[in-house]
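Asks: need a 3D model of the following:
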Amino acid sequence: MKATVSSAAFSPFADRYKALDYPSNCETITILNVTPLEVEAHFSFERDLKADTFLVEPPSMRLKPNEKQKLSIWAYPTSAGLVEDKLVCRIKENPEPVVFPLCCQGVKVELRVSPKHVHFNRLLLHREDSKTLVLRNSTLLPVAWRLCGLENLGEDFSVSQREGIVGPRTEFDVHLYFKPTKALNIEKKIRLEVSDAENILGIVQTENILVSAEGYDVAPIINIPKGQWTPQNKAVWVRCLALAGEQPKRLGWGSMQAWPGHIKRVSCKLSGVKGCQGTASLESLAPELCSVQVGLGA
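Replies: Predicted coordinates:
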C-alpha cells in the first residue's frame, strides 16, 4: 500500500476553528493498495491520541488490490503557534506502520489599533478636522473589523469606512472627520469589533476608542450709538471680524449716523470666544466727512 503524498502541511487558520464544518481546513491524501491482496488499514496520530488538534476520516478502510480511496485529515488548533504530529497507518498483519508527518499553524485573530484616544482640535463652526486610526494586523490571516457606536457621536462626525478586512501582516488607515454645525463639547466612546475574515468564530476582540472634540461659535454684539440727523449725515457701516485660524469670519454688521467733526465710539463684543482673537473695523461711505473710533471687547 502507498499514498500519493508523504506529508501534509496545513495553511494557517484561527484558533478554535471547527474544521469539520469548513473544507478549506482539510488536507486530502490518496491511499492506494499496490499489493495483490486485500488490505485493512487503521489510522491514528502519534501524539494527538484524543484528537484535540487533528482528526482523520475515515479512521480505517479496507482496500482491494489496486483500489484507492481518499483519506481526509482535519486540523483545528486550540492555541496559537506551530503544531506538529504524525499520522500513523497500521496495516493488518504488517508489523511496519506507514508514517506521514503533519503540521499546522494556529493563529490568534487580533488587531492593534492606535491611537485609542482620538482628540480633535477645537474648531469654529463649519470648519473641518480629520484624524487617522491605524489598524495593524501582525498575524498570518486576514482579519475582519467593524466600527460600532458611531451614531452616538452625532451627525457632525463621519468616517472613511465603517468595516473591512485587513490583510495578513499589513495595516489599514481609517479616517475620522469632525465638522461641527453647532456648538458642542463631546467625549464619547466608539468600539472596534474584530473577527476572522469568514466570521467563523464571531467577535473575538473588542477595543474601546475615546473620541473627544469641541465645536464653538462666535456671536457679535455690536453697540452702535444713535447720532443726530443733519443734512450732511452719512451712513457708516460697522463690520466685526473674528480671527480663528487662517481666515477671518465675518460675524455681522450694523450702521450708524455720523456728521463732520464729531467722533463716535462703536463697541463690538465677541461672545462664545475662548482663546480667539477679535478685530473690529469700520467702513464709511464718506470718510472725508466723519472720523470714527472703534472699541472692542471679548
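Asks: list the buried residues of the helix or strand in which residue 89 is found.
Replies: Taking DSSP states H and E as the criterion, residue 89 maps to strand 81-91. Of the residues in strand 81-91, 83, 85, 86, 87, 89, 91 count as buried by neighbour count, 16 or more other C-beta atoms under 10 Å. Glycine gets a C-beta too; all of them are placed from N, C-alpha and C.
Asks: direction included, what does that strand pair up with?
Replies: strand 39-45 (antiparallel), strand 98-107 (antiparallel) (DSSP bridges).
Asks: now do residue 156: how many residues are near it, please.
Replies: Residue 156: 19 surrounding residues under other C-beta atoms under 10 Å.
Asks: how about it: what's its closest non-neighbour residue?
Replies: residue 180 (5.0 Å; C-beta to C-beta, 6 or more residues apart in numbering).
Asks: that neighbour and residue 83, how far apart?
Replies: Between residue 180 and residue 83 the distance is 53 Å, computed by C-beta to C-beta, to the nearest Å.
Asks: ok, residue 178 next?
Replies: 47 Å.
Asks: could you do residue 185 as well?
Replies: Computed as C-beta to C-beta, the residue 185 to residue 83 distance reads 52 Å.
Asks: what of residue 76?
Replies: Taking C-beta to C-beta as the criterion, residue 76 is separated from residue 83 by 10 Å.
Asks: quick check: neighbours shared by those two?
Replies: Shared contacts of residue 76 and residue 83, defined by C-beta atoms under 8 Å, 6 or more residues apart in numbering, comprise residue 53.
Asks: that older thread, who's in contact with the strand holding residue 89?
Replies: So strand 81-91 is contacted by 1, 3, 8, 31, 39-48, 53-54, 56, 73, 75, 77, 97-106 (C-beta under 8 Å, 6+ apart).
Asks: now do the contacts for the residue lying closest to residue 37 once chain neighbours are set aside.
Replies: Nearest-residue entry for residue 37: residue 65, 6.5 Å, with adjacent residues in sequence omitted and distances by C-beta to C-beta, 6+ apart. By C-beta under 8 Å, 6+ apart, residue 65 lies in contact with 33, 35, 36, 37, 38.
Asks: restricted to buried residues, select these in ChimeraX.
Replies: Buried residues among the contacts of residue 65 (16+ other C-beta under 10 Å), as a ChimeraX selection:
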select :33
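Asks: which of the contacts of residue 65 sits closest to residue 162?
Replies: Minimum distance to residue 162 across those is 56.1 Å, recorded for residue 33 (C-beta to C-beta).
Asks: tell me the domain ranges of the chain?
Replies: For the chain, automatic domain parsing gives the domain ranges 2-107, 112-216, 219-297.
Asks: weakest of the ones you listed by average pLDDT?
Replies: Set side by side, the domains of the chain give their lowest mean pLDDT on domain 219-297, at a mean of 46.
Asks: before we move on, back to that, how about the residue nearest to residue 156, secondary structure?
Replies: coil (DSSP: H, G, I helix; E, B strand; the rest coil).
Asks: want to throw the strands paired with strand 81-91 into TSV with mean neighbour count and distance to residue 168?
Replies: Shown next, in TSV, are the strands paired with strand 81-91 (neighbours: other C-beta atoms under 10 Å; distance: least, C-beta to C-beta, whole Å):
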stretch	mean neighbour count	distance to residue 168
strand 39-45	18	28
strand 98-107	19	9
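Asks: can you list those in CSV and add distance to residue 141?
Replies: Formatted as CSV, the strands paired with strand 81-91 follow (distance: least, C-beta to C-beta, whole Å):
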stretch, distance to residue 141
strand 39-45, 24
strand 98-107, 5
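Asks: so which of those is nearest residue 165?
Replies: strand 98-107 (14.6 Å).
Asks: need the strands for the stretch 101-250 of the chain, in chain order.
Replies: Along the stretch 101-250 of the chain, the segments classed as strands by DSSP state E, counting those that start in this stretch run 112-114, 117-119, 123-124, 129-137, 143-148, 157-159, 163-166, 170-178, 184-196, 203-216, 219-223, 234-243, 248-258.
Asks: the fifth one pairs with which strands, and in what direction?
Replies: Strand pairing for strand 143-148, determined by DSSP bridges: strand 163-166 (antiparallel), strand 184-196 (antiparallel).
Asks: just say which of the ones you listed is most tucked in.
Replies: Comparing those by mean neighbour count (mean count of other C-beta atoms under 10 Å), strand 184-196 ranks first with a mean of 17.
Asks: hmm, residue 61 is touching residue 31, no?
Replies: Yes. Contact criterion C-beta atoms under 8 Å: residue 61 and residue 31 qualify, at 6.7 Å.
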